[in-house]
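1. Sequence first, then the predicted structure:
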Amino acid sequence: MTYVEELVQVLVVGLVLGAGLPAVFAAGLVAFSNGAGGTNTDGTVAAPNPVMKFLGLLVFVLIGLVILAAILWITRTTIIHHLGFDPFPGFKKG
């Protein structure tokens, strides 16, 4: 693999995780706030939408799992050394 291919891989992962996750989190915030109900701009009361609220919570859980997986990936070698447990057994240690 050449340096250019490795740089492209780092760029793609950086864009996906650096811009994609915050965008998904923002979509979750919008879904959750739209599901909460409240008052419309014309003064009428909007009923809560449980489906949108659930969708927002589902997105928050997904983001939390991605963050947890990233922490486990970063600390993988330490976890293997101290606990003898590999959180990602299907991937080669490197």
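-> Here it is on my side, so go on.

2. mind showing which ranges of this protein have poor pLDDT?
-> The chain contains residues with pLDDT under 70 at 93-94.

3. Which residues are in contact with the most centrally placed residue in the chain?
-> Residue closest to the average C-alpha location in the chain (CA atoms, centre = their mean): Ile63, at 2.5 Å. For Ile63, the contacting residues are Leu21, Val24, Phe25, Gly28, by CB atoms under 8 Å, 6 or more residues apart in numbering. Heads up, the C-betas are built off the backbone N, CA and C, glycines and all.

4. Can you point out the buried residues in the host helix or strand of the second one?
-> Okay, so that is Val24. Per DSSP states H and E, Val24 falls inside helix 21-35. Buried residues in helix 21-35, counted by 16 or more other CB atoms under 10 Å: Gly28, Ala31, Phe32, Asn34, Gly35.

5. strand partners of the next helix or strand along the chain from that helix, parallel vs antiparallel please.
-> Moving toward the C-terminus from helix 21-35, the next helix or strand (DSSP H and E) is strand 38-39. Partners of strand 38-39 in the sheet, by DSSP bridges, are strand 45-46 (antiparallel).

6. so the helix or strand containing Ile71 versus helix 21-35, what angle?
-> For Ile71, the host element (DSSP H and E) is helix 50-74. Compare the direction of helix 50-74 with that of helix 21-35 by axes from the mean of the first three to the mean of the last three CA atoms, to 10 degrees and you get 160 degrees.

7. what comes up buried for helix 50-74?
-> Residues of helix 50-74 classed as buried by neighbour count (16+ other CB under 10 Å): Met52, Lys53, Leu55, Gly56, Val59, Phe60.

8. do stretch 82-94 as well
-> So for stretch 82-94, nothing qualifies as buried (16+ other CB under 10 Å).

9. Can you tell me what sits against that stretch?
-> So stretch 82-94 is contacted by Leu72, Trp73, Arg76, Thr77, Ile79, Ile80 (CB under 8 Å, 6+ apart).
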